[in-house]
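Asks: pasting the sequence and the predicted coordinates here, then a few questions.
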Amino acid sequence: MALSDTAVRQAKPRSKQYKLADEKGMFLLVRPNGAKYWRLKYRIGGTEKALALGVYPDVSLKDARSARDDARKLIAAGTDPMATRKAEKQADCLTFEAVARRWFAHWKSDRTEKHAADTWRRLEADVFPVIGSVPVGELTARRVRDCVKAIEKRGAVDIAKRQLQKCGQIMRWAVANDLAERNPVADVRPSDILPATRKRNYHRIDARDLPKLLHDMDGYTGGEHTRLALQLMALTFVRTSELIGARWSEFDLAHARWDIPPERMKMGRPHIVPLSTQALAILEKLRAISFGREFVFPADTGKPTHMSNNTILYALYRMGYRGRMTGHGYRGVASTILHEQGWPHPHIELQLAHQDANQTSAAYNHALYLKPRAKMMQAWADYLDALRAGDNVVPLTRQA
């Protein structure tokens, strides 16, 4: 008799594995550990075989029967379904896209979810339609070049360069894991096929214009959250996304520190921001108007999220800084002045959360130089106050 859904579901494990027969050679194999496997018994070329049809309950009785019927059609035509499946699996594993999927599973482990998703989306849009189906053993430098040049032709030179680099990473990983004999992308350098591009520079004011910007920020007549966001950004010089996405749970005001979790950082590593007394004062003002909300800078739409990415930029526009200053510009201004005043480069770079050339140490260095960084951040806040007051500003005291 044919099996029923109830019989399959209620089949209990025994001390030894056993079979429950269905129709047309299909049966359910029940293991002592309770696992249930669909199998199809068939003969081809005088040899009896058992084809795996899936694991219950991931594969239902109905789906198993459908797979059985497909396999029986192949058998009736004289084709071994097991050999066909093996050939398809081998072919799939050796395509560039299939190898890229394995590389991606390995690569994304220490990247942020957004960064990983964006990387895969770009590969799906720009690379796989052109070379995704090419077996890695047949991939040539010419094919990769043509793929990259097609991206460049639509004016996306930076994307073309990044995709060439990603293809190189994928093929290097394939060679390292015995999925390819060589990496043909290593034969192509970006400068060989792509025009040079200027490095992007974010708009930022000169240091001499900083006092006026501070006064304009203090006198900003827009929303209170936006005004305080501008002030806190000037004091902490974090990235715009890191600022607007701040949650109250990230702050330890008693110990004057802000711990930004790795999933919110560009490089996917935790980041500590020592808080000056001025930053703490701003946070107290923000807490007074928080009314128990999760985000420090809530959206003004009433939705349970944070303010828009463009809020800071549009506020600068309204103050007359269009084309002269961006949220990212605060980082550049702070870096320039702190370096000119003699603060140690490693302290500044760590506070900016820049990429460390040493990937191994980078995963552990977010708390390095915390005490001197705290002194630097307090000195920076005092320096900004002196600029506001129009005092004869004394250069920031370098930490010994």
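Replies: That came through, no problem.

Asks: can you classify the closest residue to G25 other than its chain neighbours by secondary structure?
Replies: Once flanking residues are discounted, G25 sits nearest to K41: 4.6 Å by C-beta to C-beta, 6 or more residues apart in numbering. To be clear about C-beta, it is placed using only N, CA and C from the backbone, and glycine gets the same treatment. Assigned by DSSP: H, G, I helix; E, B strand; the rest coil, the conformation of K41 is strand.

Asks: please renumber so the chain begins at 498
Replies: With the count now opening at 498, the last piece we talked about shows up as K538.

Asks: show me what contacts K538?
Replies: Neighbouring residues of K538 by C-beta atoms under 8 Å, 6 or more residues apart in numbering: G522, M523, F524, E545, K546, A547.

Asks: give me the distance between it and P708.
Replies: 85 Å (C-beta to C-beta, to the nearest Å).

Asks: the nearest residue in space to E791 that is not next to it in sequence bridge partners, please.
Replies: Spatial nearest neighbour of E791, excluding adjacent residues (C-beta to C-beta, 6+ apart): R744 at 5.6 Å. On the basis of DSSP bridges, R744 is bridged to F792.

Asks: hang on, R744 packs against R790?
Replies: No: using C-beta atoms under 8 Å, R744 is not in contact with R790, being 9.5 Å away.

Asks: ok, back up a step: can you give me the neighbour number for the residue nearest to E791?
Replies: For R744, the neighbour count with other C-beta atoms under 10 Å is 15.

Asks: now do it, the pLDDT please.
Replies: Looking at R744, its pLDDT is 95.

Asks: repeat that for the one 4 residues further on.
Replies: If you check F748, the pLDDT there is 96.

Asks: from L725, how far off is it?
Replies: Counting by C-beta to C-beta, the gap from F748 to L725 is 14 Å.

Asks: quick one, which of the two is more surrounded?
Replies: F748 (22 against 19).

Asks: picking up where we left off before, nearest to G716 among the contacts of K538?
Replies: Ranked by distance to G716 (C-beta to C-beta), those are led by M523 at 78.3 Å.

Asks: just give the nearest non-adjacent residue to that closest one, would you?
Replies: R565 (4.7 Å).

Asks: so who does the one you found touch?
Replies: With C-beta under 8 Å, 6+ apart, R565 has these contacts: K521, G522, M523, W535, L537, L550.

Asks: now with 10 Å, please.
Replies: Neighbouring residues of R565 by C-beta atoms under 10 Å, 6 or more residues apart in numbering: D519, E520, K521, G522, M523, W535, R536, L537, Y539, L548, L550, P578.

Asks: same question for A549.
Replies: L526, Y534, W535, R536, L537, V556, A564, M579, R582.

Asks: what of S563?
Replies: S563 neighbours (C-beta under 10 Å, 6+ apart): L550, V556, S557.

Asks: show the buried residues in those residues.
Replies: Among the contacts of S563, those buried by neighbour count (16 or more other C-beta atoms under 10 Å) are L550, V556.

Asks: which of the contacts of S563 fall within strands?
Replies: L550 (DSSP state E).

Asks: of the contacts of S563, closest to Q662?
Replies: V556 (39.9 Å).

Asks: once you drop chain neighbours, what's closest to the closest one?
Replies: Going by C-beta to C-beta, 6+ apart, V556 has W535 as its nearest residue, at 6.0 Å.

Asks: about what we covered before: what's opposite the residue nearest to G522 in the beta bridge?
Replies: The partner residues for K538, given DSSP bridges, come to A547.

Asks: how close does G531 get to P554?
Replies: Counting by C-beta to C-beta - G531 and P554 are separated by 12 Å.

Asks: what's near enough to touch E610?
Replies: Applying C-beta under 10 Å, 6+ apart, the residues near E610 are E760, G765.

Asks: quick check: it vs A595, distance?
Replies: Taken as C-beta to C-beta, the span from E610 to A595 is 23 Å.

Asks: ok, P626 next?
Replies: Taken as C-beta to C-beta, the span from P626 to A595 is 15 Å.

Asks: what comes up buried for stretch 666-673?
Replies: Quick answer for stretch 666-673 (16+ other C-beta under 10 Å): I667, M668, W670, A671.

Asks: got any residues that touch both of F748 and L725?
Replies: In contact with both F748 and L725: L780, L783, V793, using C-beta under 10 Å, 6+ apart.

Asks: ranking those residues by neighbours, who comes first?
Replies: Ranking the shared contacts of F748 and L725 using other C-beta under 10 Å puts V793 first, with 26 neighbours.

Asks: number of residues surrounding the closest residue to that residue other than its chain neighbours?
Replies: Once flanking residues are discounted, V793 sits nearest to A743: 4.3 Å by C-beta to C-beta, 6+ apart. Neighbour count for A743, taken as other C-beta under 10 Å: 25.

Asks: ok, now R828?
Replies: By other C-beta under 10 Å, 22 other residues sit near R828.

Asks: picking up where we left off before, from the contacts of A549, which two are the most distant?
Replies: Greatest spacing in the contacts of A549, by C-beta to C-beta: L526 and R582 (18.1 Å).

Asks: who's in contact with the residue nearest in space to the middle of the chain?
Replies: Nearest to the geometric centre of the chain sits H612, at 2.2 Å (C-alpha atoms, centre = their mean). Counting by C-beta under 10 Å, 6+ apart, H612 touches K605, K763, M764, G765.
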